[in-house]
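Novice: I'll drop the sequence and a predicted model, then ask my questions.
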Amino acid sequence: MLQRVVLLLVLLTGCDVIDPVGDVGDIVMAPRAVPQTEAEIAFAADLFNDLQPASIDERREYCGLIGITASGDYVATPARRGGASSCLPPERARPGVTVLASYHTHSAYDPDFLTEIPSYDDMRTDIEDGTDGYIATPGGRFWYIDARAREARLICGAQCLVSDARFEEDPEFPVRDRYTLQDLRPY
């Protein structure tokens, strides 16, 4: 119904289409099922170090979900091969797994694209899906998206993960350690 009202207002006023979800401010998330641990971060880093070579060589994103079993083992769904700048993880993990976060790579280095930080859509999607996220960049940066706090935090900087040999820092865009959803909006 809300979408029809927005569309009607657009047609009547001639304004641009407005996204009714906006800044996802109306989404309330439950507390994280299991607190983030060093073991979880290490599991995600190992996963990315395995995926980065294919992601870089093929110039494709890879994505999936990270979860924990009832016995406390970290697991990941098989990585899905996405496109050059997008990837949709599976909707759910296997039975008996509590999903903790999404994961995805940012493909290969391309000086024409801003791939060293999470995008607004990366964070927004995690918020809408009700999960946190991990991202690996072509420069080897490792990011954590805290969906509840609506912020991305750098776990470790350039070349801490497998990275693209062609990668060069952009002197015009120094990468910060933290970005909020609003900070990422322009990107």
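Specialist: Okay, I see it. Source: prediction; values computed, not measured. Residues are numbered from 1 along each chain as shown.
Novice: can you tell me the centre-most residue of this protein?
Specialist: For the chain, D122 is the residue whose C-alpha lies nearest the centre (CA atoms, centre = their mean; 4.2 Å).
Novice: which positions in the helix or strand containing Y103 come out as buried?
Specialist: Counting by DSSP states H and E, the element that carries Y103 is strand 97-105. For strand 97-105, the neighbour count (16 or more other CB atoms under 10 Å) marks 97, 99-105 as buried. Every C-beta, even on glycine, is put in place using the N, C-alpha and C of the backbone.
Novice: next one: stretch 133-152
Specialist: Buried-residue list, stretch 133-152, by 16+ other CB under 10 Å: 133-148, 150-152.
Novice: what do you get for stretch 109-126?
Specialist: 109-110, 115-120, 122-126.
Novice: of all those, which comes closest to L184?
Specialist: Y120 (4.1 Å; CB to CB).
Novice: return the residues in contact with the residue nearest to the closest one when sequence neighbours are not counted.
Specialist: Closest residue to Y120 apart from its sequence neighbours, by CB to CB, 6 or more residues apart in numbering: L184 at 4.1 Å. Applying CB atoms under 8 Å, 6 or more residues apart in numbering, we find L184 in contact with 117-120, 122-123, 152.
Novice: tell me the helix or strand right after the helix or strand where T125 lies.
Specialist: Counting by DSSP H and E, the element that carries T125 is helix 120-129. Note on helix 120-129: by DSSP H and E, the next helix or strand toward the C-terminus is strand 132-136.
Novice: run through who's touching the helix of greatest length in the chain.
Specialist: Longest helix in the chain by number of residues (criterion: DSSP state H): helix 38-58. Outside helix 38-58, the residues that touch it by CB under 8 Å, 6+ apart are 60-62, 66, 68, 74, 76, 79, 81, 100-101, 103, 105-109, 134, 136, 138, 140, 142, 144, 155, 160-164.
Novice: next up, the contacts around the residue nearest to the centre of the chain.
Specialist: Contacts of D122 by CB under 8 Å, 6+ apart are 104, 133, 135, 145, 152, 184.
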